[in-house]
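Visitor: Sequence plus the predicted model coming up.
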Amino acid sequence: MAIVTFSLKDFASDGLDADTLTEVIPKIGMEVEAISGEEIAIDITPNRPDMLDFVGLVRAIRLFLNKRSPKEKEYVIPANPETEITVTKRVKGIRPFIAGLSARGVDLSGEKLKYLINFTEKLSDTYGRKRAKFSMGIYDLDKIVGPLTYDAADDGKFIPLGFDKEMGFSEILKTHPKGLAYGSVVSGRRTKHGMIPFLRCMEGILSLVPITNSEGTKVTTDTRNIFVDITGTSATTVMQVVNMVACSLMDSGATVSPCRIKYEDKEVVSPQLSSMEVQIKHSHIAKTLGVDIDLNGALSLAMRAGYFSAKYGNAILVYVPPYRMDVLNEQDVIEDIAISYGYDKIQAIPVIGFSDGLAEDSKEFANRASLHMIGIGFSEAINTYLTNEKTNFDNMRRKYDKNDVVSVAYSKTENITVLRTSVLPGLLRSLGYSSHERMPQRLFEYGSVFRVDKSKLAESAHLAFVSEHSKAYFSEAKSVMMSILEHLDITDYEIKAFEDPAFIEGRCAQVLSKGKHIAVFGELHPAVLSNFGLEEPTIGGEITLIDKIDYKF
Amino acid sequence: MHPYEAKLLKALGGASASSLDELGKKLDMGKDPMLWAIENLSKQGAIKVERRKEYAATLTEEGSRDLEIFPEEELVRSLLKSGGRAEIKSIRNGIGFIWAKKLGWVAVSGDSISLTDEGADVARGSKQFPHKTLLASISKDPSIASERVASHDEQFDSLVKRKLIVVKERQVIDSIAITEAGKRMLAAPSDESNLINSVSRDVITGRKWETQGFKPYDPNEEAEPVYPARLHPMHEMIDQVRDIWLDMGFIEVSGPIIESAFWNFDTLFSPQDHPTRDMHDTFFLSNPSQIDIDNIALLNRVRAMHKKGWGGQWREELARKALLRTHTTSVSAHYMKKLSKELESSYPIKIFSVGKVFRNETIDFKHVAELYQADGIIIGNNLTLANLKYVLTRFYSKLGLKTLFKPSYFPFVEPGLEVYHYDEQRKSFIELGGGGIIRKEITKAMGTSKSILAWGLGVDRLMFNFMDLNSLMDMYKNEVDWLRKRKGLKL
């Protein structure tokens, strides 16, 4: 999701006030994040990058409100390219594709320049994956001399945007704010190819792709004629984006002319403002939405969603406007018909067909174990699965092999590194938070623990308990463990003295079932207690109730 | 020990015996409480009480009359008037005659009687009449009876015999002395130590309540609070959610939290370069870093789906990346595949799962890295957006929440929606979850021609509706006092 901010007053010329916007924007699937003073902040879903643009947003709202309707062949431009870009083979493998257009009579006065810049930034940031997938450059068309070349080189010099002196490519990467922010997009490849892509005309470099434009071709609020380029890793995407930009410029009154792109092996012209046709069978609308809408009604609803539509037998034929990048098939159009119809107007209809509810055995078992613990006076705790080696192992004085522990590759939060292998540490940590409260303190937790067992993942269900008070002795641990075994019908077991560094030597035991270690219990070692900030004697235990959880798909 | 008893023992403290009168003066206590305390203390052996008999005489009706003049007095006076002699048969005052004769006031000779000297003295009033004096004294002070009884006084006895007075006997406390046991009780730290404090087995089987009182308690005294051991509130919330889905005829399933990107993203049509697939949003694993994809046919279909839908290339090694699932929709994905070839009669199939999902977040009071989500799918024929609205509306109505729907976008559904609740208190819309109809591209790849409704709902955020909670983090700290004192869910 991306949040865009616009001045409320800019909507006024289209007859849209704050109340209308607040009402309509959720209805077309977006969200008003905030209205504060003169501004409105709107959350745009990633399927509709066209609405990141002020022009595109207003277009969608006006269509929805029937203040505008789509026309057949709405976006038409001259066939002859006004500009030309030659693509060298050096950009292949770095950022091979480019699309462009020129526009005359563009109005960038007032907030409009800011909106255009914000739009390109947001679009490159979100849909363009922080410029990795594509990025966009806007130049003063009148400053461009002669045909353009999309090329790549080890180094070169030009005056980057916002600076007053020439800088080398590597200097820009190291010192220019945009170089620092986006240099990695191509510099990773640079090490491989040793080159950075750039766009130049006869006069010099227009932009270092996808980092910064040149100061010389800078666009101001007075600029009326612009050139736009989109570079990226996918031919389809750069074309879709340039189409979207073309529609936006045309809607705001500019005249758009195409650009010829001369690749080594082929030539293409951008933008390509043809409309994809999608056929929607009438019956499919009711089958998808559960609402009966007659064919004419469906047609006008599709129109309100911006599709120029026509009846086609017992179906409607819609033309997907070139600014839409998200329409894959009929389903997408039916959603737009539903949006025009109004989600709130769709009447809820029960699903026909009887079925019995059925709880999962493992959940019922967990509840049975939990209620037993409640019954013997232990309160339930729920700890996070994510933890760190210090809590899970070091504080428990337990050794571990990294290879056996499920670890996360990267965490934004420092103390999250692994998935827990034991439930006890979390319980002891919880007691640590409560050391000033009334004793005795008794907690239990039933939950999953994780390990890598011979390079296979294993998830087990454990039940652990702790009891902290001045008379917490081994016998209590044993009593609790015995009551668990008894209640859960574990009958075939033996108890043996055990060594676990988390417990006091000689005051720790294990439970073996059919010769297999299933549980440990005893008096927790004072060193462990002080690691968790506990000051009273504490007993505890942990039993494996399901050794390997098997999800049956 | 009862406060009255304590007061009394304390007054007796000085060892030597005290009379009741003395005690009464010392103690500012009513007579009844004092006697009650004496009784109890005596039973407990704390004091020794000496008692004696005391007599009181009261005049009968006849006695009151005789206080004026005795019959024998009357007789001798009338004899004196008639010259000291009279015929026996003329005497009407028979009782007077008998007693006068007994007292030697008259002498009998033949048929007549005559006044003796003593009788004449009595008649003239020159000699005291001791019976009359005694009777007069008794009328003024009944207690003089005691000494007369003790000395077996003849005159007193005769008054009794003549039924001029009646004598009543009673036990009175002569003296009270504190015993050794009493001194110990007095010295004991608690003034009330001899009252039963805790009811013990001894008290019950030894019938101690018959001889000992119970220490009275003040009902307004502080009592120690009792807290139950209970389920974690999130467990209660999850069970509530589970119960509703079960009520609505759904089958519960679950799946692993450690998934391949394939099941978490690729099968759900999430493009491989989608921002959520960045390590800044998702927890990818370094051990294990890869999870194998067993189903090659499915893998190829998913590859084809991506290539057609998103263009560009689709890389298997990205799909094999191991991660912590970002939504329980991964479980739904497994079941879309598993349930793709069921008997026609078993549709619609409704399943749900509740489980943990993970977000690579910077943890603060608002954000946690682990959340609970409830996912569901219905697989069937021609399932519609109207059906989905029904299912979600019904689910939330069972939680008492009114819902609103708006269009939204998720890569795996089309049409897609978000469900909201309007929070009256906060005057804002709370997003509850999202859902939609699974894209045809996906159902095709999964091998089914059925339609699938799918949704994923946040469970943690519901906690804010049903509990006073400042931060989700608070919930997972498990502070014992918080677990003890928390209020129940306001369901």
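Guide: Right, received. Where do you want to start?
Visitor: Count the neighbours of residue 489 for me.
Guide: Let's take chain A. A:D489: 6 surrounding residues under other CB atoms under 10 Å in any protein chain shown. From N, CA and C alone the C-beta is placed, and that goes for glycine too.
Visitor: wait, I meant chain B there
Guide: Close neighbours of B:L489, defined as other CB under 10 Å, add up to 15.
Visitor: For it, which non-adjacent residue is closest in space?
Guide: Once flanking residues are discounted, B:L489 sits nearest to B:F466: 4.3 Å by CB to CB, 6 or more residues apart in numbering or on different chains.
Visitor: what's the burial count for the one you found?
Guide: Neighbour count of B:F466, defined by other CB under 10 Å: 19.
Visitor: Read off the pLDDT value for the residue in chain A that chain B sits nearest to.
Guide: Using CB to the nearest CB, the single residue of chain A nearest to chain B is A:G290, 2.7 Å away. Note for A:G290: predicted pLDDT of 96.
Visitor: so how many other residues sit close to it?
Guide: Neighbours of A:G290 under the rule other CB under 10 Å: 21.
Visitor: quick one on the thing from earlier: give me every residue that touches the residue nearest to B:L489.
Guide: By CB atoms under 8 Å, 6 or more residues apart in numbering or on different chains, the residues touching B:F466 are B:M237, B:L489, B:K490, B:L491.
Visitor: Which elements pack onto whichever strand or helix holds B:E118?
Guide: Using DSSP states H and E, B:E118 sits within helix B:117-124. Using 3 or more CB pairs under 8 Å, 6 or more residues apart in numbering or on different chains; DSSP states H and E, the elements in contact with helix B:117-124 are helix B:71-81.
Visitor: Next, the angle from the helix it packs on to helix B:117-124.
Guide: Calculated by axes from the mean of the first three to the mean of the last three CA atoms, to 10 degrees, helix B:71-81 forms an angle of 90 degrees with helix B:117-124.
Visitor: And helix B:71-81, what's buried?
Guide: Neighbour-count burial for helix B:71-81 flags B:P71, B:E72, B:E73, B:E74, B:L75, B:V76, B:R77, B:L79 (criterion: 16 or more other CB atoms under 10 Å in any protein chain shown).
Visitor: Tell me the one of those residues nearest B:L401?
Guide: Taking CB to CB as the measure, B:L401 lies nearest B:P71 of the buried residues of helix B:71-81, at 108.7 Å.
Visitor: Provide a list of residues in contact with that closest one.
Guide: Here B:P71 is in contact with B:N93, B:I95, B:G96, B:W99 (criterion: CB under 8 Å, 6+ apart).
Visitor: how near is it to B:L164?
Guide: Per CB to CB, to the nearest Å, B:P71 is found 11 Å from B:L164.
Visitor: now do A:T491
Guide: As defined by CB to CB, A:T491 lies at a distance of 97 Å from B:L164.
Visitor: Compare the two (neighbour count), which wins?
Guide: B:L164 (23 against 8).
Visitor: average pLDDT for stretch A:480-497?
Guide: For stretch A:480-497, the mean pLDDT works out to 95.
Visitor: Same question for it: list its buried residues.
Guide: Residues of stretch A:480-497 classed as buried: A:V480, A:M481, A:I484, A:L485, A:Y493 (neighbour count, 16+ other CB under 10 Å).
Visitor: do stretch B:101-110 as well
Guide: By 16+ other CB under 10 Å, the buried positions in stretch B:101-110 come out as B:K101, B:L103, B:W105, B:V106.
Visitor: doesn't the first one fall inside a helix?
Guide: Yes: according to DSSP: H, G, I helix; E, B strand; the rest coil, B:K101 belongs to a helix.
Visitor: what residues are up against it?
Guide: B:V108, B:I113.
Visitor: re the thing from before, check the buried residues of helix B:71-81 and tell me the two furthest apart.
Guide: Farthest-apart pair in those is B:P71 and B:L79; separation 12.7 Å (CB to CB).
Visitor: Among the contacts of B:P71, the buried ones, what's the PyMOL command?
Guide: The command below creates a PyMOL selection of those among the contacts of B:P71 that count as buried (16+ other CB under 10 Å):
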select buried, chain B and resi 96+99
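Visitor: ranges for the strands of the stretch 201-350 of chain B?
Guide: Under the criterion DSSP state E, counting those that start in this stretch, the stretch 201-350 of chain B contains strands at B:251-252, B:258-260, B:285-287, B:322-324, B:349-358.
Visitor: For the ones you listed, state which one has the densest average packing.
Guide: Of all the strands of the stretch 201-350 of chain B, strand B:322-324 has the most neighbours on average by mean count of other CB atoms under 10 Å in any protein chain shown, namely a mean of 25.
Visitor: The residue of chain A closest to chain B and B:I437 touch, don't they?
Guide: No: taking contacts as CB atoms under 8 Å, A:G290 lies outside contact range of B:I437: 10.3 Å.
Visitor: any common contacting residues for these two?
Guide: Residues touching both A:G290 and B:I437 by CB under 8 Å, 6+ apart: B:T384, B:L385.
Visitor: Okay, now the unreliable bits of chain A?
Guide: A:1, A:187-193 (pLDDT under 70).
Visitor: whoops, the stretch 51-200 of chain B was the one
Guide: B:188-193.
Visitor: What residue in it comes nearest to chain A?
Guide: Closest point on the stretch 51-200 of chain B to chain A, by CB to the nearest CB, is B:S198, at 20.7 Å.
Visitor: okay, now that residue: neighbour count?
Guide: B:S198 has 7 neighbours, counted by other CB under 10 Å.
Visitor: helix or strand for it, which one?
Guide: For B:S198, there is no enclosing helix or strand under DSSP H and E.
Visitor: now do B:E147
Guide: Assessed by DSSP H and E, B:E147 sits inside helix B:145-150.
Visitor: can you list contacts of that helix?
Guide: For helix B:145-150, the external contacting residues (CB under 8 Å, 6+ apart) are B:K53, B:E54, B:Y55, B:A56, B:A57, B:L134, B:I138, B:Q155, B:F156, B:I165, B:V167.
Visitor: now the helices for the stretch 1-150 of chain B?
Guide: Secondary structure of the stretch 1-150 of chain B by DSSP state H, counting those that start in this stretch: the helices cover B:3-12, B:20-26, B:31-43, B:61-66, B:71-81, B:94-102, B:117-124, B:130-140, B:145-150.
Visitor: Show me the beta-bridge partners of the closest residue to B:E87 other than its chain neighbours.
Guide: In space, and not counting its chain neighbours, B:E87 is closest to B:S112: 5.3 Å by CB to CB, 6+ apart. For B:S112, the beta-bridge partners under DSSP bridges are B:E87, B:S109.
Visitor: B:S112 and B:G83 touch, don't they?
Guide: No: look at B:S112 against B:G83 with CB under 8 Å: they stay out of range, at 11.3 Å.
Visitor: and residue 416, how many neighbours?
Guide: No chain in the question, so chain A it is. Using other CB under 10 Å, A:I416 is surrounded by 21 other residues.
Visitor: my question was about chain B
Guide: 25.
Visitor: what's the domain layout of the chain?
Guide: Using chain A. Listed domain ranges for chain A are A:2-64, A:83-270, A:276-345, A:361-546 (source: automatic domain parsing).
Visitor: Not quite, go with chain B.
Guide: Domains of chain B are assigned by automatic domain parsing as B:3-53+B:170-210, B:59-167, B:233-257+B:325-485.
Visitor: which parts of the stretch 451-553 of chain A sit against chain B?
Guide: A:V452, A:S455, A:L457, A:E459, A:I549, A:Y551, A:F553 (CB under 8 Å from any CB of the partner chain).
Visitor: Can I get those in JSON lines including secondary structure and neighbour count?
Guide: JSON lines is the format used below for these (DSSP: H, G, I helix; E, B strand; the rest coil; neighbours: other CB atoms under 10 Å in any protein chain shown):
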{"residue": "A:V452", "secondary structure": "strand", "neighbour count": "21"}
{"residue": "A:S455", "secondary structure": "coil", "neighbour count": "9"}
{"residue": "A:L457", "secondary structure": "strand", "neighbour count": "18"}
{"residue": "A:E459", "secondary structure": "strand", "neighbour count": "20"}
{"residue": "A:I549", "secondary structure": "coil", "neighbour count": "15"}
{"residue": "A:Y551", "secondary structure": "coil", "neighbour count": "12"}
{"residue": "A:F553", "secondary structure": "coil", "neighbour count": "16"}
